[in-house]
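Chemist: Would you be able to build a 3D model of this:
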Amino acid sequence: MKVLSLLALAALPLPAAATTVYVSNERAGSVTVFDGDTLKPIATWKVGKRPRGIMLSHDFKKLYVCASDDNAVLELDPRTGALLKIYPAGEDPEQFALSPDGRTIVTSNERESQVTAIDLPSGSVAWQTGVGGEPEGIAISPDGKLVVSTAEESNEVAFIDMATHKVVSTLAVSERPRHAEFTADGRKVWISSEIAGEVQVVDVATRTIDKVIRFAPPGVAEEKILPDGIRFTPDGKTAIVALGRANVVAMVDVASLAPRNYVPVGKRVWHLAITADGKRAFAANGLSANVSVIDLPTEKVVATVPAEEGAWGVAIAP
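Modeler: I've put the predicted structure just below:
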């Protein structure tokens, strides 16, 4: 693992904010920080090479960032941006997930066709398991027993037992699976397949596809519909799906498994996050280097916040 240069060691504490939004900027090598209520900028932190995956610890006291070209997961102080720890994460970690007990991060290693589990208390690699070609999406079930990894090159999903660290089954899915997202009850996992332009709803118990969701935003060419990030509203009634170069997000009714609305956002929307109260969603737009703020009751964009080049992922601290 490469040694990172000094990162934000002299950073000043952030001013108090009811909601703080963190955006990873892949090509700029930075994290944009802004107040989620006032939408005013707070800070920009340099965070290593090609930051993509971004998330907070369950207690919101630590911010984790996948520095893909540093082959590392960075642990930052979310108030100051100061670098606290560097965890070895295998080659080219892209997305990651945190176990329910907060002790383990599992990353996808795109260039190594494996997943890597990091034991946070010891700061070391706990285990690694081979999966299909070019793994990207990663998710841990709500009960902490299962890891799901999506493989873009081999068009499959691997189900990994967290206790044995072994792949227990695989499922063929549509072309270029990008993201995996469990429902809150853990009974379903949604998989976005970018090139196929669809989302597959998978039954976790039977490891079969229950439903394939297709998208048809008005006035958008089919080849631009490239599903990526998926998030569920806190009430579990709506899934918001980023549709990539379609420059829209889809609002999907979870009960009927059908899109009910499309919301235009910025260019090349990658990933998004939803506030704990379910009132707002923040969508990162890679090509327009900004974040679209969506009012969820009205399903309309109410503001656009500047980020930096290659805005990729979003995390929110209440």
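
Chemist: For the rest of this, base every contact and every neighbour count on C-alpha atoms.
Modeler: Noted.

Chemist: just to confirm, which helix or strand has Glu94 in it?
Modeler: strand 93-98 (DSSP states H and E).

Chemist: CA-only coordinates of that strand in CSV, if you can.
Modeler: Extracted as CSV, the C-alpha positions of strand 93-98 are listed here (Å, rounded to 0.1, in the frame of the first residue of the first chain):
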residue,chain,number,x,y,z
PRO,A,93,-11.3,-0.6,-3.5
GLU,A,94,-14.4,1.1,-5.0
GLN,A,95,-17.5,0.5,-2.9
PHE,A,96,-17.7,-0.7,0.7
ALA,A,97,-20.1,-1.6,3.5
LEU,A,98,-20.0,-1.5,7.2
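
Chemist: so what does the following helix or strand past it touch, helix or strand wise?
Modeler: Where DSSP H and E defines the elements, the next helix or strand beyond strand 93-98 is strand 104-109. Applying 3 or more Cα pairs under 8 Å, 6 or more residues apart in numbering; DSSP states H and E, one finds that strand 104-109 contacts strand 93-98, strand 114-119, strand 135-140.

Chemist: now the strand holding Glu94: how far from the chain's centre is it?
Modeler: 8 Å (Cα atoms, centre = their mean, to the nearest Å).

Chemist: How about stretch 198-206?
Modeler: With Cα atoms, centre = their mean as the basis, the mean position of stretch 198-206 lies at 18 Å from the chain mean.

Chemist: on that earlier part again, now do the strand holding Glu94 against strand 114-119, angle only.
Modeler: With axes from the mean of the first three to the mean of the last three Cα atoms, to 10 degrees defining the directions, strand 93-98 sits at 50 degrees from strand 114-119.

Chemist: Mind listing residues that contact stretch 179-191?
Modeler: Contact with stretch 179-191 is made by 136-143, 148-150, 177-178, 192-193, 199-205, 228-232, 236, as judged by Cα atoms under 8 Å, 6 or more residues apart in numbering.

Chemist: re the thing from before, want to throw the helices and strands packed on strand 104-109 into CSV with mean neighbour count and distance to Thr104?
Modeler: CSV is the format used below for the helices and strands packed on strand 104-109 (neighbours: other Cα atoms under 10 Å; distance: least, Cα to Cα, whole Å):
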stretch, mean neighbour count, distance to Thr104
strand 93-98, 27, 6
strand 114-119, 24, 5
strand 135-140, 28, 10
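
Chemist: nearest to Pro41, of those strands?
Modeler: strand 93-98 (25.4 Å; Cα to Cα).

Chemist: other SSEs contacting that closest one?
Modeler: For strand 93-98, the elements it packs on are strand 51-56, strand 63-67, strand 104-109, strand 135-140, judged by 3+ Cα pairs under 8 Å, 6+ apart.

Chemist: Sheet partners, orientation included, of it?
Modeler: strand 104-109 (antiparallel) (DSSP bridges).

Chemist: how many degrees apart are the strand holding Glu94 and strand 51-56 in direction?
Modeler: Going by the same axes, to 10 degrees, strand 93-98 makes 10 degrees with strand 51-56.

Chemist: Other residues contacting strand 93-98?
Modeler: 52-54, 57, 66-68, 71-73, 104-110, 136-140.

Chemist: pLDDT of stretch 142-153, averaged?
Modeler: The predicted model gives stretch 142-153 an average pLDDT of 98.

Chemist: Straight-line length of that stretch, end to end?
Modeler: With Cα to Cα, to the nearest Å applied, stretch 142-153 spans 27 Å between its terminal residues.

Chemist: what comes into contact with it?
Modeler: By Cα under 8 Å, 6+ apart, stretch 142-153 touches 99-101, 108, 115, 131-141, 156-163, 175-180, 182, 184-186, 191.

Chemist: Run through the bridge partners of Gly170.
Modeler: Heads up, residue 170 is Thr, not Gly. Ala158.

Chemist: what's around it, how many residues?
Modeler: For Thr170, the count of nearby residues is 17 (other Cα atoms under 10 Å).

Chemist: before we move on, what about Asn71?
Modeler: Counted with other Cα under 10 Å, Asn71 comes out at 23.

Chemist: about what we covered before: buried ones among the contacts of stretch 142-153?
Modeler: Buried members of the contacts of stretch 142-153, scored by 16 or more other Cα atoms under 10 Å, are 99-100, 108, 115, 131-141, 156-162, 175-180, 182, 186, 191.

Chemist: Now stretch 212-232: buried residues?
Modeler: 212-213, 215, 217, 224-232.

Chemist: Now the terminal residues of stretch 139-146, how far apart.
Modeler: Stretch 139-146 has an end-to-end distance of 8 Å (Cα to Cα).
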